[in-house]
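Student: dropping a prediction and its sequence here:
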Amino acid sequence: MELTVAITGASGSIYARRTLELLAGCNAVETINLIMSGTAATVAQLELGVNLKEPDMSKINAWLDLEPESRKVRLWRLDNFAAKPSSGSNKQAGMIVVPCSMGTLGAIASGAGTNLIHRAADVCLKERRKLVLVPRETPYNAIHLENMLKLTHAGATILPASPGFYHRPRSIDELVEHLCFRILDQFDLPHSKKTQWTGDEVAE
Ligand SMILES: Cc1cc2nc3c(=O)[nH]c(=O)nc-3n(C[C@H](O)[C@H](O)[C@H](O)COP(=O)(O)O)c2cc1C
């Protein structure tokens, strides 16, 4: 499977990192096209203390703890409209925007995108491929909510960065991972299922 992952400048870089780590560790995933907005690096610096400014493959592989020569993740420049995910003729399973800022959400909803993240998302919608958006903002205003409804009508899946607590997370990592598992579920990708609800958790 090939898919695209975009990271934008909403809070929650940790969701992006864990999602990428899980995807990179998944045998079913051959190629991950990665696109980062400019603000994504600023937020990652603030939240994770990592320097992803002017990202290149060596920075990305080191960040994700991948072998330096690993080619599983392929980084595309934000202004490269000739990049692979920019064309519908490139067969891929779909795209995840994690975390998704309200700015990117609005640009995709308007259909008037100006960068490769917007274009790749637009391609997914027009090709009827899976587009999973993981918005992070609180509270939402009417424009945010209308954009989410519009995108849902256009075929996108809105999967908010609102982690569950019913699996009793003991750490931030467990909290984050639960949400990332839900993202993988959207593509039927295998994971440890540690947090999958079985119904055995409650007395009858
Ligand atoms: C530390 C930090 C946290 C931010 N958190 C959010 C957020 O949670 N949601 C959001 O929509 N924007 C957030 N922003 C603002 C966006 O980064 C800003 O709107 C930016 O223009 C989004 O551009 P992008 O979608 O191209 O990354 C945050 C910015 C910073 C610096």
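Tutor: Sure, I can see it.

Student: use CA for all of it now, contacts and neighbours both
Tutor: Will do.

Student: span of stretch 34-53 from start to end?
Tutor: When the termini of stretch 34-53 are compared using CA to CA, to the nearest Å, they are 14 Å apart.

Student: tell me which residues in that stretch are buried?
Tutor: For stretch 34-53, burial by neighbour count (16 or more other CA atoms under 10 Å) applies to 34, 35, 36, 37, 38, 40, 41, 42, 43, 44, 52.

Student: what is residue 3 paired to in the beta sheet?
Tutor: residue 32, residue 94 (DSSP bridges).

Student: out of the buried residues of stretch 34-53, who's near the ligand?
Tutor: 37, 40, 43 (CA under 6 Å from any ligand atom).

Student: out of the residues you listed, which comes closest to residue 121?
Tutor: residue 37 (13.5 Å; CA to CA).

Student: correct me, but the closest one touches residue 78?
Tutor: Yes: taking CA atoms under 8 Å as the definition, residue 37 is a contact partner of residue 78 at 6.4 Å.

Student: quick one: the strands in the protein?
Tutor: With DSSP state E, the ranges of strands along the chain come out as 2-7, 31-36, 73-76, 94-100, 130-135, 157-158.

Student: pick the most buried one from the ones you listed.
Tutor: Comparing the strands of the chain by mean neighbour count (mean count of other CA atoms under 10 Å), strand 94-100 ranks first with a mean of 27.

Student: which helices and strands sit right next to that strand?
Tutor: Here strand 94-100 touches strand 2-7, helix 13-24, helix 116-126, strand 130-135, going by 3 or more CA pairs under 8 Å, 6 or more residues apart in numbering; DSSP states H and E.

Student: how about the residues of the chain near the ligand?
Tutor: Within reach of the ligand by CA under 6 Å from any ligand atom, the chain has these residues: 8-11, 37, 39-40, 43, 101-104, 136-137.

Student: neighbour-wise, give me the winner out of those residues.
Tutor: residue 8 (29 neighbours; other CA atoms under 10 Å).

Student: do you know the pLDDT at the residue lying closest to that residue once chain neighbours are set aside?
Tutor: Taking CA to CA, 6 or more residues apart in numbering, and ignoring the residues beside it in sequence, residue 8 has residue 40 as its nearest neighbour in space, at 4.6 Å. At residue 40, the model reports a pLDDT of 98.

Student: list the contacts for residue 40?
Tutor: Shown in contact with residue 40 (CA atoms under 8 Å, 6 or more residues apart in numbering): 7, 8, 9, 10, 13.
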